[in-house]
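Q: A predicted structure for the sequence below; I have some questions about it.
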Amino acid sequence: MYNPEAIEKKWQKYWDEINLFSIDLNDNRDKFYCLVMFPYPSGTLHVGHGRNYIIGDALARYKILDGYNVLSPIGWDAFGLPAENAAIKNNIHPKDWTISNIRRMKEQLIRWGIGYDWDREIATCHPGYYKWTQWVFLVLYRRVLAYKKLAGVNWCPSCATTLANEEVIGGSCERCDTPVEQKNQEQWFFKITEYAQKLLDDLSMLTEWPERVKVMQENWIGRSEGAEIDFKIEGTQRLLPCFTTRPDTIYGVTFMALAPEHPAIEELIIDSPNREEILQFINEVRREKKISREEAAAEKKGIPINRNVINPINGKAVPLWITNYALMEYGTGAVMGVPAHDQRDFEFARKYGLPVIPVIMPEGADLEATSMEAAYTDDGIQINSGHFNGLRNREAMQKIVGHMEERKVGRHRISYKIRDWLISRQRYWGTPIPIVYCGKCGEVPVPEADLPVMLPEIGNFRPKEGRSPLAHAEAFVNTRCPGCGGPAKRETDTIAQWLCSCWYFLRYLSPRDTQKAFDKSLAGRWLPVDQYIGGIEHAVLHLLYSRFIVKVLYDEGYIPFKEPFQALFTQGMICKTSSITGRLEKMSKSKGNVVSPDELIGKYGADTLRLYTLFIGPPEKDAEWNDRAVEGAFRFLNRIWRKVIELAPNLSGLSVELTGQAGLSKELKDLRRKTHATIRDVTRDIEGGFHFNTAISAIMELVNSIYLVKLDNEKNGLAVMKEAVEAAVILLSPFAPHIAEELWTKLGHMPTIFRAGWPDYDPDVIKTDEVLIVIQINGKLKGKIDVPPDLKEEEVRARVLALPKLMEWTKGKAIKKVIYVQGRLINIVAG
RNA sequence: GCGAGAGUGGCGGAAUUGGCAGACGCACUAGACUUAGGAUCUAGCGGGAAACCGUGGGGGUUCAACUCCCCCCUCUCGCACCA
């Protein structure tokens, strides 16, 4: 009787005792760094979370079996808001909340049979860890990649903190979905923009990353190439630079559009007769933007401000407008309006009766300004463009920019959408920013020797008036200047938790090192991570930030690699119909659709949970949890259990060498063939893209085949059976390790199965002595025959054409053509 | 609008990349074993009486198309007035 509860505890304890996952980094076998995104200790894990760890564990165990020295570490992304919010709500310390969650979740992981090197466990909220997060901050500070500035920033009123642009999803807070407000505040930034081009270029190194993650990062970086062109405000010396990707259309400029937030506006309208009207328009646009970005985007609106700008290429004056579609966040906040060749400008110009001047003609067609119904945005030949007329626009583009560069009125420019990364948070539960402010020395970094700047114990975690709770901790705030020794005040904001996870994969290599953040030579040997596994939700956030920090560390000479993660796998979400929304939703407490792993394990065991999670579907795709199908996984484990227990007395201790297929009955040959083909298929499925679902179905097929063989006690039969059963058990072991380990010992082996080696298959055994040839008439399946695999084409043709049924199939039609595909199929074309 | 991915039985999903569509599992049906079956084993299970028809729809290439090409529809995700 298969009793998972009894065996699972036993083997978990055993693996721990033999240090199956505790490794020596200096072992000279091939290394494999298998990393799952470490969890935020939010309470308990549900089966949806489990997918990540189960995939990672299956892979780690497979690699261990295959002889690699596998590093599979785990830790806790333990700083962050939920702890603090829970602390405020329940009146406990965020640290206590976090630690008790870690304890619970660790128990869960162990109960699932997930193997980690627990000696390397880290928690980012531990001073021994965040000391080095502060060190990373100081590395950036030293390179002037960390700086403080007053800026308009995203503010989440519910989280009571500022957010990075990457944390704002569709205008709302990534964490709590509250609409984000704009606020002017002094904040710390990391100059990720300085690495925009490198981050973009090196995406091409990431050949083992999902395309969509790379595309998302590419979009986010948002590079566009063009020119910055200086328009002069008529009657002044003041320049109004604008960015365009289409300098070839500069002769078609008929107006200039300014973002309502453009800093030049105030001065420009100071003595404007319709100043009030303009201010009203600006306020209106701002209000609309606040309500809904999309709605604000629906209709183009603008107001002229009775000023002109001079087009530097031809000296022509065009009117200046404030519009709702020019964005301050992109380019320079000023847009040259070319209605003939930009659809937005076109709509705007038609609405307000502004002129349309075509300057690029499609080849073999004609553009008529008055009759155009849409902008022409494709390539063509320059017209109305002074001495650039007649050139292809792509060529003219280069020449026009060159011409402007010579005359210093414009220049080639690359614009990026990505902004600098706002990293300061006005909350308590995070890494203190290691900076002090001195009346004499100004902003001073805390010297490395003085790290860590300890997060103080405080009584009240509630943030007040947009300031960190640390601002009220006098003993923390008041300090001495590391420079002059005079009185100074500490920075009271903390660092966004994202920074903690930007370098944790380095820390696993030397987690208790008190001298340095990480060991350069170990990092050089063990990184990049061979396989990183995690959720798609980190496509831009964690994965972009980590790439950035690694590049900085590389440039500083701390590490010899430019990219942290060689291969990335993003697993799909596990969903279930929510009783609250009535729809299929990602499992979450708030949707009331979580399945508790503890209950399931109590009923079926961890192996069933693991097997089902891997069998549920292609791991990169979302999947719907199905309680019924879980029983199927349990049934299968029972099935293999019963068969092995039944056979074990006859198989254990048996030693018969099988060489080739000679002397075996057809039934036994078939089973041997199946055994070896299954080894091949399972190996291929794991290696070739984590197809655990098909790997498991292949094992199920093998077990089905085992069931069909009727065994007498003939030696060969036992030997073939032993080979089949042992293969099934080993192949199953990465997925359902406890039952596999137990059955392995029942088959007379010493534990552990994970040192038994991944089986090889013999291609000769897989070869069949008969191949099935499909017979088609005009491409339609009509029949099948078995032939020897090496039978010559003419002979196969002859046999097929001699079939009595052929007449019936062809219905007396003449045979025009016969196509033979070696060992597969014969198609007779008749008509 | 741009980009990425997807659409196959009642359901989840397979198909070595152009060569038997529906592996494996769930659900369902029948038989066996049983005092019993919601356990287990065995078998069946796309539609159709059959010829045949069937992989979102329509064209095409090919001896042969889930797979390749063109057009269209639907869904998911990401970006989006990005100048």
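A: Sure thing, it's come through.

Q: from RNA strand B, how far off is residue A:263?
A: Taken as CB to the nearest atom of the strand, to the nearest Å, the spacing of residue A:263 relative to RNA strand B amounts to 13 Å. All C-beta spots, glycine's among them, are computed from the backbone N, C-alpha and C.

Q: also residue A:383?
A: The gap separating residue A:383 from RNA strand B is 20 Å, by CB to the nearest atom of the strand.

Q: which one is that residue nearest to, not counting chain neighbours?
A: In space, residue A:383 comes closest to residue A:361 once its chain neighbours are excluded; the distance is 5.2 Å by CB to CB, 6 or more residues apart in numbering.

Q: the one you found touches residue A:380, doesn't it?
A: Yes: contact between residue A:361 and residue A:380 holds when scored by CB atoms under 8 Å: they sit 4.8 Å apart.

Q: common neighbours of these two, please.
A: Contact with both residue A:361 and residue A:380 is made by no residue, according to CB atoms under 8 Å, 6 or more residues apart in numbering.

Q: which one of the two is surrounded by more residues?
A: Each of residue A:361 and residue A:380 has its neighbours counted (other CB atoms under 10 Å); residue A:380 has more, 20 against 17.

Q: ok, now which ones touch that one?
A: With contact taken as CB under 8 Å, 6+ apart, residue A:380 is in contact with A:360, A:361, A:362, A:363, A:392, A:393.

Q: what about residue A:473, how many residues close to it?
A: By the other CB under 10 Å criterion, the neighbourhood of residue A:473 contains 19 residues.

Q: go on, the one 5 residues further on?
A: Applying the criterion other CB under 10 Å, we find 12 residues in the vicinity of residue A:478.

Q: ok, residue A:76 next?
A: Residue crowding around residue A:76 was assessed by other CB under 10 Å; the count is 24.

Q: and the helix or strand hosting residue A:685, which residues are buried?
A: For residue A:685, the enclosing helix or strand under DSSP states H and E is helix A:666-687. Of all the residues in helix A:666-687, those buried under the rule 16 or more other CB atoms under 10 Å are A:668-683, A:685-686.

Q: counting by contacts, list what the helix or strand that that helix is followed by packs against.
A: Sequence order places helix A:692-708 as the next helix or strand after helix A:666-687, per DSSP H and E. Packing contacts for helix A:692-708, counted by 3 or more CB pairs under 8 Å, 6 or more residues apart in numbering; DSSP states H and E, involve helix A:606-615, helix A:627-651, helix A:666-687, helix A:715-732.

Q: OK, contacts around residue A:732?
A: Residues in contact with residue A:732 (CB under 8 Å, 6+ apart) are A:640, A:699, A:739, A:740.

Q: can I get those in TSV with distance to residue A:435?
A: Below are these laid out as TSV (distance: CB to CB, whole Å):
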residue	distance to residue A:435
A:640	60
A:699	57
A:739	55
A:740	54
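
Q: from the residues you listed, pick the one nearest residue A:111.
A: Distance ranking of these against residue A:111, using CB to CB, places residue A:739 first at 15.0 Å.

Q: number of nearby residues for that closest one?
A: Using other CB under 10 Å, residue A:739 has 28 other residues around it.

Q: and for residue A:29?
A: Here the neighbour count serves as a burial measure; for residue A:29 (other CB under 10 Å) it reads 11.

Q: likewise residue A:527?
A: When neighbours are defined as other CB under 10 Å, residue A:527 has 24 of them.

Q: same check on residue A:810?
A: By the other CB under 10 Å criterion, the neighbourhood of residue A:810 contains 18 residues.

Q: kindly report the same for residue A:349.
A: 22.

Q: ok, now residue A:460?
A: Here the neighbour count serves as a burial measure; for residue A:460 (other CB under 10 Å) it reads 11.

Q: so it makes contact with residue A:469?
A: Yes: counting by CB under 8 Å, residue A:469 is a contact partner of residue A:460 at 6.3 Å.

Q: now do the shared contacts for the two.
A: None of the residues lies in contact with both residue A:460 and residue A:469 under the rule CB under 8 Å, 6+ apart.

Q: do I have it right that residue A:703 meets residue A:729?
A: No: Residue A:703 lies out of contact with residue A:729 (CB under 8 Å); the separation is 10.0 Å.

Q: between those two, tell me which one has more neighbours.
A: Comparing residue A:703 with residue A:729 by other CB under 10 Å, the one with more neighbours is residue A:729, at 25 against 20.
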